[in-house]
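Novice: no sequence for this one, just the structure:
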């Protein structure tokens, strides 16, 4: 998964600068939100998130569409499909559900797949290629019927 965070806002950056001037390393103040035992337990629960067959078909249709899109030189691999599927299920869990909905898949297509495809005419994974891939993926998702 690739996320773009961008730059902090002016107030946040001011706070970062102010805190960097202190004697104490800000990293030392970070408190864990999960224990080492909780992380694998949550990962196991992701596998229990219910997925209707029509939603599995939806994920597959998105992936297959990347492989036939003429503006993409390289589509999503099976490993990329697995990454999207698992991330969507994890997102559902984080959202407080034990079942997948189409919106979970749609929200994660670009973060999970844009760096895994290669637009035609590009030779490397540049920021511009990533932006072009993201736009193509948005078009692909918009063109696929959402299961109900």
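Specialist: Sure, I can see it. The shown structure was predicted, so the numbers you read here are calculated from the model rather than taken from an experiment.

Novice: ramachandran angles for residue 99?
Specialist: Backbone torsions for residue 99, taken as degrees, to the nearest 10, come to phi -140, psi 150.

Novice: sorry, wrong one. I was asking about residue 73.
Specialist: Dihedral angles (degrees, to the nearest 10) for residue 73: phi -80, psi -30.

Novice: residues in contact with it?
Specialist: 118-122 (Cβ atoms under 8 Å, 6 or more residues apart in numbering). Glycine gets a C-beta too; all of them are placed from N, C-alpha and C.

Novice: can you select the buried ones from those residues in ChimeraX?
Specialist: The buried residues among those can be selected in ChimeraX (16 or more other Cβ atoms under 10 Å) with this line:
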select :118,119,122
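
Novice: mind checking which of the contacts of residue 73 land in strands?
Specialist: Applying DSSP state E to these, the entries found in strands are 118-119.

Novice: most widely separated two among the contacts of residue 73?
Specialist: Pairwise distances across these (Cβ to Cβ) peak at 9.5 Å, for the pair 118 and 121.

Novice: quick check: residue 77 touching residue 116?
Specialist: Yes: if you go by Cβ atoms under 8 Å, residue 77 and residue 116 touch, sitting 6.8 Å apart.

Novice: and the two? which has more neighbours close in?
Specialist: residue 116 (22 against 15; other Cβ atoms under 10 Å).

Novice: okay, the nearest residue to the more buried one once chain neighbours are set aside and residue 96: tell me how far apart.
Specialist: Of all residues not flanking residue 116 in the chain, residue 80 sits nearest, at 4.2 Å (Cβ to Cβ, 6 or more residues apart in numbering). Applying Cβ to Cβ, to the nearest Å, the value for residue 80 to residue 96 is 27 Å.

Novice: the more surrounded of the two?
Specialist: Of the pair residue 80 and residue 96, residue 80 is the one with more neighbours under other Cβ under 10 Å, namely 17 against 6.

Novice: quickly find the element holding the more buried one.
Specialist: Here residue 80, judged by DSSP states H and E, is contained in helix 78-94.

Novice: the very next helix or strand once past that helix to helix 78-94, inter-axis angle?
Specialist: Next along the chain after helix 78-94, taking DSSP H and E as the criterion, comes helix 102-113. Angle of helix 102-113 versus helix 78-94, following axes from the mean of the first three to the mean of the last three Cα atoms, to 10 degrees, is 130 degrees.
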